[in-house]
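Trainee: Quick one, what's the 3D model for this:
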Amino acid sequence: MRIRAFVAIILAIVSGCAENPNRAYDTLQGAGGSRVVRSLSEAIRTPQPGRLAPTSEQSVEIAKSDQVIDLGGYYSYFKVFKIRSEVDTTYTITLRSQCHCLGHTKTMIVPRAFVLADHGELIAESSAGSVVAPSLSSGASMRGTVGFHASKGQDYYLVIAGDNSRVGAPLREFHEEIPNYEAKDPIHAPGNVERTNDMVVDYAILSSPVGKMHIQVKPIK
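Mentor: Here you go, the predicted model:
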């Protein structure tokens with residue numbers, strides 16, 4: 001029973017591991033046909049875009065099943081959302097990507113966002129922040145923000161994609177010490193006595209073309 005339980009745990013960890021970012025991007029580059037759009041104005045004509053309500057937070061995933069856009073220099077999967085604006089209102093949109101930190105390969109998508117008017121004019125695009133990850137146990141995230149002013153009440157489009165300019169590159173590297181790590185040491189502690197050690201963990205979070213993120217739209221009068 002113990003062996004079966006151990007095997008089940010190992011299989012769960014392996015199945016939850018993130019895909020190698022470079023292989024994932026190779027798959028992305030291999031996408032063709034009707035899945036690839038060549039401009040942001042073409043992207044917002046995607047059938048049935050999602051809706052984003054101001055003040056609420058929505059979780060989305062940029063995945064291999066999404067359409068592909070050529071952002072000039074690299075490809076990216078993307079999603080499109082509509083935002084219904086109020087008259088003379090400024091909006092701030094915050095994107096927070098999540099680290100896929102289970103398993104040996106730890107990855108995260110670098111969020112990129114574009115706001116377009118209904119006729120396809122680019123209004124604003126996001127600036128990406130740095131990776132926030134105080135420790136391995138607390139998780140990691142990366143924020144991006146974009147703001148725009150709506151002079152009249154109308155629909156605006158938000159295109160969400162990944163910045164794949166440096167796929168596979170470390171977004172941040174960590175050297176973490178975990179104090180008081182308990183381990184059995186039969187060599188230095190005869191009799192199978194448990195001994196307390198400090199464990200050192202080195203890891204990096206790699207840029208990936210796929211991943212999950214949270215989006216929040218906030219009106220600022």
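Trainee: what's around Arg84, how many residues?
Mentor: 13 (other CB atoms under 10 Å). Bear in mind the C-beta positions are built from the backbone N, C-alpha and C, glycine included.
Trainee: Just grab the bridge partners of it for me.
Mentor: Following DSSP bridges, Arg84 is listed with bridge partners Asp155.
Trainee: Quick check: which ranges of this protein have low pLDDT?
Mentor: 1-18, 32-34, 128-139, 176, 178-201 (pLDDT under 70).
Trainee: tell me which element Ile69 falls in.
Mentor: strand 67-70 (DSSP states H and E).
Trainee: which other helices and strands contact that strand?
Mentor: Secondary-structure packing of strand 67-70 (3 or more CB pairs under 8 Å, 6 or more residues apart in numbering; DSSP states H and E): strand 36-37, helix 40-43, strand 75-84.
Trainee: Which one of those lies nearest to Tyr25?
Mentor: Closest of these to Tyr25 is strand 75-84, at 7.9 Å (criterion: CB to CB).
Trainee: Report the buried residues of the closest one.
Mentor: 75-81, 83 (16 or more other CB atoms under 10 Å).
Trainee: With stretch 87-95 instead?
Mentor: Buried residues in stretch 87-95 (16+ other CB under 10 Å): 89, 91, 93-95.
Trainee: Can you list the strands that the strand holding Ile69 pairs with?
Mentor: strand 36-37 (parallel), strand 75-84 (antiparallel).
Trainee: Same list, these, but as CSV with distance to Asn164 please.
Mentor: As requested, those are arranged in CSV below (distance: least, CB to CB, whole Å):
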stretch, distance to Asn164
strand 36-37, 14
strand 75-84, 5
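Trainee: Would you tell me which of those strands gets closest to Gln216?
Mentor: Set against Gln216 and scored by CB to CB, the strands paired with strand 67-70 come closest in strand 75-84, at 11.6 Å.
Trainee: which residues sit against that closest one?
Mentor: For strand 75-84, contacts defined as CB atoms under 8 Å, 6 or more residues apart in numbering pick out 25, 28-29, 31, 36, 43-44, 46, 49-52, 54, 60, 62-64, 66-69, 91, 112, 115, 153-164, 209-210, 215, 217.
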